[in-house]
Every structure is written in structure tokens, then in C-alpha cells.
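Chemist: Need a 3D model of the sequence below.
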Amino acid sequence: MLKKYFYIFSLLVFTQVSAQIDFSASNLLRYGSGERSIGSLKNNFMYRENLTDLRIRLPEKIIFGARLLYDSPPETGKSFKGISRRFVEYKSDNLELRLGNMSELFGKGLALNLFENRGLAYDTWLDGLKAKYSFGNFKTTLLYGKVNFLDSTSFYRTEDYTLLGANTEYKFSKTTSFGLSFVRAKGKIERPQITDELKAEIGELYFSVKNGNFGWLVDFSHKWTGVKNGDSYKGYGIYSVLNYTANSLGLTLDYKNYRYDERDPFERNDFTRVTRMLPFQNPPTVMKEHSYLFLSRSIHEIDFNDEVGVQLEVFYSINEDTHLNFNGSIASRHDFYNYRPNAFSFNKEIRAANYIPSLDDKYSPFKEMLIEVEHSFNKSTTLTLGIAGRSKVTYNDFTGDNGTHKIRSTVIPFLLQQTISEDYSATIQYEYESVFDNFNSSQNEFSNHFIALIGNIYSKVMLGFRYEFTTNTNEVSGKKDWFTIEGGYRITGAHNISISYGRERGGQTCSNGVCRYIQPFDGIRITLLSNF
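Modeler: As a prediction, this is how the structure comes out:
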């Protein structure tokens, strides 16, 4: 019904003001052809993707937008041909109305965070109506619509939700603000031969205080889920961040305590359970997302249903040429479940200080630390050097220490950026990683190496070479090295084409706490980006 009214309204408006419109568009064309593999299993693979975003600015502060999408087949996710996005939007100084598709964020995402990540095939955009109104220190948002979510990152299933959401924020002063959110959802989750129906309510409360160099925010949400012909479950999440800034020092301390669906190991490993954190929620990860290759291959996937942790980041300018950055994070489960083999069940053992992370192996801890130094020798030469250490324990609740997975790694990244002249520049990147993995039974220790050379000419031409190799004889792909050559050309200021050819290692990659395993790829990729 919403689609029907949307098209009628859009046609009427467009015919009335067709002579007074401002048009803009962007087009992204992606093509790849080659071979995907998992171990010795190989298959030919080709993807064709074309994404066109259109925006038409009409008089009276009205914007019309649409996305034409051709994913047949896509690199990841579900095949699609047609209009995947369309909206009409009105914006004034105090009022914003939108009909159609939209993203949205309430607070820090503990109740609602609708976003898209095409690389991971994750999309929770809403199709419906949104109204925002602001007056002075008061701001409120109301939305209603449907979320059609395809979960293909952990277990293939479709999830359909009807959402009603409201958010209100009020600034008491220049230093203090307060927010409330409420989301009600009715959902249907379809799996092979099984359909689950649920109702959920999520309430959120948050406030922030700023005083001079200090800033503090606390966000709390409570989730209730009721399953048709089943049980109901309550959970909650807490996120807090403390900031301090001075002339040459910046400090950020994050805290998370997510217990949206804490379960024993039998139920915890069931990724299809409907009482878990819902896909339209997405709180802060409280873990750094890295740009370095080896650190971006996460060894830890966040469990928003049962995880407590802290993160500290410090930025310090030693002088105008030298900057120091430190980041460290620790996370673990809250409690331990003691297995009783005779009863084939678990007894929950509540940890006394379960509001802070533990490094005891029983709680599957993860820890990471990065120290990074950036120094500019002159206006032309910048060197970045770092060292990172991280470790992850996945405790086996059934067999104890004998079946527990432990993995540790040390990563040393090196980045040199050199401006040769106004027309030429070059970047050299090298990363070294040493790994200990007790599940790699015949070779517990091995190393990974990555080298990248990138040159830019006249700000129009980019030439690059990437090479990676490992000493791991048990690599899943069955290979020992991977290489890629790539080139790019800026046709005009608005059009770019890039081509790459080679062998890519793949592996697990994560963004905003959403993770997917990317299969190794051997072949050619072409990307053309245009703006009109």
C-alpha cells in the first residue's frame, strides 16, 4: 500500500514542477570474473553489479530519490533487479518528512540502528514514513514501516518486521542533554520448514554531560521479546563513553555491558534463536576497527547477547611532527556455565564482578593492544610505525581446557608516504604478523607477510601491487601466497575506473560488529564510478 501511494504522489509532484528541477546522479558499476575456492573445492564465479542513485531537488524544499540496482549475480548477498530504494523527502528548518526507504539511528544504536553494508550484504533500511521535528532545544523523531532483512552472514533466513519507533532528545543546557527512545516490533522469521513469530519492545534512556575538557555519555536499553507459542525473554544493554581533550592530548574510555540474550552453551550456539539481539539494533562494538590488513581480519566476533568489555584510546601529540596513538580493549562473557554430563545440562555460576571483563579462560576473553607512531620528517615524507598484540580464547564448555581454542598474534605495520613532486607520490606498506594457534595442530606457530606499493601520477593515474604470503602449511585455501596488480584512472573529476587482477586470500572481515567470511578469489575486478 505504501508503494502505491508513493508512486502516485511522486508522479503528481514531478509533473507539476518538471521545469524547475535540479538533478544529480551517481553510478557504481562493478564486475568480477574468476574463481572462488575453499580448500580444494573450486568453482567459477562471476558477479555483475550496477548501482545508480538518483536525486531530484524540487521547489518547496522537496527531494525525490531512487536507487536502481542490478545485482545479477552479486558478489555477496541476494540477486536483485529493479528499484531497491525510493523516497520523497521534505526538509525545512524545523520539520523533516520522508516517505519511502530510510536509515535511522536512535541514540547510540542500543534500540535502533538501521544501516546498510553492501560489502557484507547487511541491510536493515526501513520502508515507511519518518517525521522529525525540532524546536529550540527539543527534537523528536517518529517512524513507522517495515524492515525486510535477509540474514546470510551466519545462517540463511529471512526476517520481516513491522516497526513503530519514537525518539526524543532535549538539551537542558549547553552542557547537559537527555534522550528517550521506544521501539515496538512485530516480526516473522522464516527458515526452511519453520516460521517463528515474535513481538518485541525496546526502551532506551541516555544522557550526556560536557564540562570544559570532559564529556560523559551513558546509554541504557531494555529489551523484551515474546515468541508466539513460546517463552518471553528480557535482556538489556549498557554503553558509556568518557572523553577528555586538551591541547595535545585526547583520551576516550568506552564501556559495554550487553546482555540482550544470555544463554547456556546449548542455546548460545543456536544462531537462529529469535530472542537474540534483533537485527535493527546495533550498539557500539567498543573495539577498534582497523585499516591495517591483518588487524582487519578479526579473530573476535562480538557477541551482543553476552559480552562485557572496555576500550581505552589515547592520542598524544609529542610535537607538531610526531603523534602517538594507543588503543587497548578487553572483552569477555559475563558468567560461566558448568557442564553436568550425567544430566546433559549446565549450571550457571554467576561471577561476582560480572560487570567488568575477566581474563580467565572460562569466560572466553579477548584482548588487543595497538601502539602507533606517526612522524613527518618534512612536508614530503611521513612514516607510520606500530605494534599490536591480541589474543582470543574460545572456551569449550563441554570438554574444558582440552578442547579450548587459543589464538594469539603480534602485528607490526609499517607505512611510508612520499610526495616526490606536485605530480608524483608513492606509498609503501609492509605488515608482519606472527601467529600462535593451538588448533593448527601440526604447526602451532607461523607468520604472515603483506607488501603493498602504490604510485600516483598527476592525480589521475594510480598503479599498485599487493603481495601476501604465509608460512602456514595448513592454510584453508591450500595456497601459500597471493598477489594483485591494480590500476586506476580518473577520466575527469567525476569519473574513475579501476582494474585489478590477481589472487586474493579472503578471510573473516567485520564492520559494526557484523562479520562475514569472504571466500578467496582469483581473477579480474573492474570498477567504474561516475557522478553526474
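
Chemist: Quick one: name whatever helix or strand follows the lowest-mean-pLDDT helix or strand in the chain.
Modeler: When each helix and strand of the chain is scored by mean pLDDT, DSSP states H and E, helix 2-17 comes last, with a mean of 55. Beyond helix 2-17 on the C-terminal side, the first helix or strand identified by DSSP states H and E is strand 22-38.

Chemist: Can you list the strands that the helix or strand just after that next one pairs with?
Modeler: Remark: after strand 22-38, the chain's next helix or strand is strand 41-58, criterion DSSP H and E. The strands beside strand 41-58 in its sheet (DSSP bridges) come out as strand 22-38 (antiparallel), strand 62-71 (antiparallel).

Chemist: Just send these back as TSV, with distance to P265 and mean pLDDT too.
Modeler: C-betas here are computed from N, CA, C, even on glycine. As requested, those are exported to TSV (distance: least, Cβ to Cβ, whole Å; pLDDT from 0 to 100):
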stretch	distance to P265	mean pLDDT
strand 22-38	27	91
strand 62-71	37	95
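
Chemist: Just name the most buried of the ones you listed.
Modeler: Ranked by mean neighbour count, these are led by strand 62-71 with a mean of 18 (mean count of other Cβ atoms under 10 Å).

Chemist: May I see the buried residues of the helix or strand that that one is followed by?
Modeler: The first helix or strand that comes after strand 62-71 along the chain, using DSSP H and E, is strand 80-91. Residues 84-89 are the ones in strand 80-91 that count as buried (16 or more other Cβ atoms under 10 Å).

Chemist: what's the next secondary structure element after the biggest strand by length in the chain?
Modeler: For the chain, the strand with the greatest residue count under DSSP state E is strand 400-419. Going down the chain from strand 400-419, the next helix or strand is strand 424-437, by DSSP H and E.

Chemist: quick one on the thing from earlier: any idea which of the strands paired with strand 41-58 gets closest to N282?
Modeler: Comparison of these against N282 by Cβ to Cβ identifies strand 62-71 as nearest, at 21.4 Å.

Chemist: For the closest residue in space to G145 that isn't next to it in sequence, grab the count of nearby residues.
Modeler: Distance criterion Cβ to Cβ, 6 or more residues apart in numbering; nearest residue to G145, sequence neighbours excluded, is G128 at 1.5 Å. Neighbourhood size, G128 [other Cβ atoms under 10 Å]: 20.

Chemist: i'd like the first residue to be 54 from this point on
Modeler: Will do, 54 is the new start, and the previous item becomes G181.

Chemist: any idea which helix or strand carries G181?
Modeler: Per DSSP H and E: strand 179-188 holds G181.

Chemist: so what's the residue nearest to G198 bridging to?
Modeler: Residues in beta-bridge contact with G181 (DSSP bridges): G153, G198.

Chemist: isn't it right next to Y197, touching?
Modeler: Yes - contact between G181 and Y197 holds when scored by Cβ atoms under 8 Å: they sit 5.1 Å apart.

Chemist: list residues touching both of those two?
Modeler: L216 (Cβ atoms under 8 Å, 6 or more residues apart in numbering).

Chemist: Sketch out the strands for the stretch 204-353 of the chain, chain order is fine.
Modeler: Assigned by DSSP state E, counting those that start in this stretch, the strands in the stretch 204-353 of the chain fall at 210-224, 229-244, 247-264, 267-280, 285-298, 302-312.

Chemist: closest to G456 out of those strands?
Modeler: Closest to G456 of those, according to Cβ to Cβ: strand 302-312, at 25.6 Å.

Chemist: which neighbours does the closest one have in its sheet, and in what orientation?
Modeler: Sheet pairing here is set by DSSP bridges, and for strand 302-312 it gives strand 285-298 (antiparallel), strand 360-370 (antiparallel).

Chemist: average pLDDT across the shortest one?
Modeler: To tie it back to what came earlier, the one meant is strand 360-370. When pLDDT is averaged along strand 360-370, the result is 97.

Chemist: What residues sit buried inside it?
Modeler: 360-364, 366-368.

Chemist: centre of the chain versus it, how much separation?
Modeler: A distance of 18 Å separates the centroid of the chain from that of strand 360-370, by Cα atoms, centre = their mean, to the nearest Å.

Chemist: Report the contact partners of I371.
Modeler: Going by Cβ under 8 Å, 6+ apart, I371 touches 301, 377.

Chemist: Look up how far L365 lies from the spatially closest residue to S370 that is not a sequence neighbour.
Modeler: In this structure, S370 finds its nearest non-sequential neighbour in S301, 4.1 Å apart by Cβ to Cβ, 6+ apart. Separation of S301 from L365 (Cβ to Cβ, to the nearest Å): 18 Å.

Chemist: Ok, Y311 next?
Modeler: 18 Å.

Chemist: now swap in G283 and tell me
Modeler: Taken as Cβ to Cβ, the span from G283 to L365 is 41 Å.

Chemist: Show me what the residue nearest to G135 when sequence neighbours are not counted bridges to in the sheet.
Modeler: Nearest residue to G135, sequence neighbours excluded (Cβ to Cβ, 6+ apart): L122, at 6.9 Å. Legend: beta-bridge partners of L122 under DSSP bridges are L104, G135.
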